[in-house]
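[1] with the sequence up front, the predicted model follows.
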Amino acid sequence: RRAAAGPLRAGLAAAAVLALCILPAMLALRVERAVVARGVVAFEGGHRTVAHPQGGLVVALRVRPGAAVAAGEVLAVLDSAAAQAELTLAEGQLAETEAARRRAEATAALLGARPWAAAVPAGAETGAQRTGAAATAAAASAAARQDAVLLSLVHARTERAEGERLAGLRDAARIGALVARRDSLVAQAALLARDAEAAASLAERGLAPAARARALARERAALAGEIAEAEAAMAEIRAAAAARAAEARTADAEAAAAAAAEAAELAGRAEALGGRIAALRAEIAGRTIRAPVAGRILALTVPGPGAVLRPSEPLATIVPGAGRLVVALALDPGDAARLAPGAPATLRPRDMADRPGPGLAGRLVSLAPDATGDAQTGRLTVRAEVAPADGTGLSPGQSVEVILPAGDRAPLVYWLEPVTRFLGRALHEG
């Protein structure tokens, strides 16, 4: 035993010395970690699918698989007959409403015009004058109906104005006759006054009977009564004319206020119809499906006109014809957790994967926030895109190996990792 103990102690001492020499080196050395994955070259963002949120009956299909399309080019047209019919109805209602509004505004202007003139006021021209030759049939018909109403009002006001003029002439003639009668009576009264004074003077001196003076006084009083009656008749005629004018002004003011209120209501209705028409036109325009980007049609889901496109169902798949080339990767969630956008990458296309060389430089440009599962295998992956610094020599569909640095660790950590995992599970076992 004593003979064996010496070599044993020497061996342990040598092992301790060796461990003390190697351990610092194991801690000081760093081993680069990397995520290695294989991906496929594609345009950034991948294929673009084109769908319609409401769907509908396809009435025109303008493209075929493999066709090149420009951005905004029409791909298909969906049926919009119902919306078009509603638009035609709404446009007719708008034309009718606008014509009625113009008629109401012109009516308010006509009724508010003082003095009255037998003509359409400025700014109240007829609907036919407004619509012109380019008007639609519905608008022209609506304008004609409202013009007839406006013209009837003009005729009625013209007739009333003529009646007022004739009544004024009659009143003026009656007042003129009454004025002439009053003036004649006033002149007669003045003569009687002088005769009465002379008769009274003679009667006081006894040169004439007193009955003569009393008779002249009675005639003078009668003339004064007739003068008062003439003036009262003139005042009555003037009062009646003023009452008629006030009544006409009140009626015109009430009618003008009613016409203005009608015009305001019609303006609100026209605004609502205008909004509905704009929405219908946008809906009809939206029934035309256009290419969101320039590229080439990869596939179509409908055979041709007459097919029904379900809501949100893809109509076409477009391969963008321009844009940056990227390498699309499907990473393990654990590997993706160690990466961040902006990390450097090395790309090795399949034709140079087995040859030595630095490869192509690139950078991780996008990393999906969530993992997605494969419907067949159930494997979870995270989509990532790596953009090469220089895409020369790469083409869509090409297979590329991508190396993404994921930090570094000491070699001792690799050796101790199985032990730490085992201990971690053992300490958490219930």
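    Now that the structure is in, tell me what you want to look at. Numbers count the residues shown, from 1 in each chain.
[2] packing partners for the longest strand along the chain?
    Ranked by number of residues, the top strand in the chain under DSSP state E is strand 31-43. Packing contacts for strand 31-43, counted by 3 or more CB pairs under 8 Å, 6 or more residues apart in numbering; DSSP states H and E, involve strand 325-331, strand 399-409. All C-beta atoms are positioned from the backbone trio N, CA, C, and that covers glycine.
[3] can you tell me which of these the model trusts least?
    Note on the helices and strands packed on strand 31-43: strand 399-409 shows the lowest mean pLDDT, a mean of 80.
[4] mind listing what that strand pairs with, with the direction of each?
    The sheet places strand 399-409 alongside strand 31-43 (antiparallel), strand 344-349 (antiparallel), with pairing taken from DSSP bridges.
[5] most tightly surrounded among the ones you listed?
    Of all the strands paired with strand 399-409, strand 344-349 has the most neighbours on average by mean count of other CB atoms under 10 Å, namely a mean of 20.
[6] and the very next helix or strand once past that one, how far out from the chain's middle?
    Sequence-wise, the next helix or strand downstream of strand 344-349 (DSSP states H and E) is strand 360-367. Taking the mean of its C-alpha atoms, strand 360-367 sits 42 Å from the chain's own mean (CA atoms, centre = their mean, to the nearest Å).
[7] what is strand 360-367 packed up against?
    By 3+ CB pairs under 8 Å, 6+ apart, strand 360-367 packs against strand 344-349, strand 380-388.
[8] give me the sheet partners of the last one and which way each runs.
    When you say that, I think you mean strand 380-388. Looking at strand 380-388 with DSSP bridges, its partner strands are strand 325-331 (antiparallel), strand 360-367 (antiparallel), strand 372-373 (antiparallel).
[9] got the ones you listed as TSV, with distance to Leu166 and mean neighbour count columns?
    Converted to TSV, the strands paired with strand 380-388 look like this (distance: least, CB to CB, whole Å; neighbours: other CB atoms under 10 Å):
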stretch	distance to Leu166	mean neighbour count
strand 325-331	93	22
strand 360-367	91	18
strand 372-373	93	11
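[10] closest to Glu401 out of these?
    Taking CB to CB, strand 325-331 is the member of the strands paired with strand 380-388 nearest to Glu401, at 9.2 Å.
[11] what sits up against the closest one?
    Strand 325-331 is contacted by residues 35, 37-44, 46, 339, 347, 362, 365, 381-388, 391, 394, 396, 400, 402 when judged by CB atoms under 8 Å, 6 or more residues apart in numbering.
[12] tell me who's in contact with Val41.
    When contacts are counted by CB under 8 Å, 6+ apart, Val41 touches 325-328, 394-400.
[13] now with 7 Å, please.
    Contacts were defined as CB atoms under 7 Å, 6 or more residues apart in numbering; by that measure Val41 touches 325, 327, 394-398, 400.
[14] give me the contacts around stretch 49-61.
    Stretch 49-61 is contacted from outside by 75-79, 287, 289, 291-292, 302, 304-318, using CB under 7 Å, 6+ apart.
[15] ok so, going back, now distance to Ser201 too, for the helices and strands packed on strand 31-43, in TSV please.
    Formatted as TSV, the helices and strands packed on strand 31-43 follow (distance: least, CB to CB, whole Å):
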stretch	distance to Ser201
strand 325-331	137
strand 399-409	146
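[16] looking at these, which is closest to Glu105?
    Checking the helices and strands packed on strand 31-43 against Glu105 by CB to CB gives strand 325-331 as the closest, at 63.0 Å.
[17] just checking, what packs against the following helix or strand past the closest one?
    Using DSSP H and E, the helix or strand that directly follows strand 325-331 along the chain is helix 333-337. In terms of contacts (3 or more CB pairs under 7 Å, 6 or more residues apart in numbering; DSSP states H and E), helix 333-337 is packed against strand 380-388.
[18] starting at the chain centroid, how far to the strand it packs on?
    Relative to its chain's centre, strand 380-388 lies at 40 Å (CA atoms, centre = their mean).
[19] repeat that for stretch 217-227.
    Here stretch 217-227 shows a centroid-to-chain-centroid distance of 84 Å under the convention CA atoms, centre = their mean.
[20] mind checking how far Ala167 is from Ser201?
    51 Å (CB to CB, to the nearest Å).
[21] strands of the stretch 51-200 of the chain, start to end?
    56-61, 68-69, 74-78 (DSSP state E, counting those that start in this stretch).
[22] dump those strands to CSV, plus mean pLDDT and mean neighbour count.
    Formatted as CSV, those follow (pLDDT from 0 to 100; neighbours: other CB atoms under 10 Å):
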stretch, mean pLDDT, mean neighbour count
strand 56-61, 94, 17
strand 68-69, 89, 16
strand 74-78, 95, 19
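[23] any chance of those in CSV, with distance to Glu159 too?
    Shown next, in CSV, are the strands of the stretch 51-200 of the chain (distance: least, CB to CB, whole Å):
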stretch, distance to Glu159
strand 56-61, 58
strand 68-69, 69
strand 74-78, 58
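[24] state the distance from Leu153 to Leu111.
    Distance, Leu153 to Leu111, using CB to CB: 8 Å.
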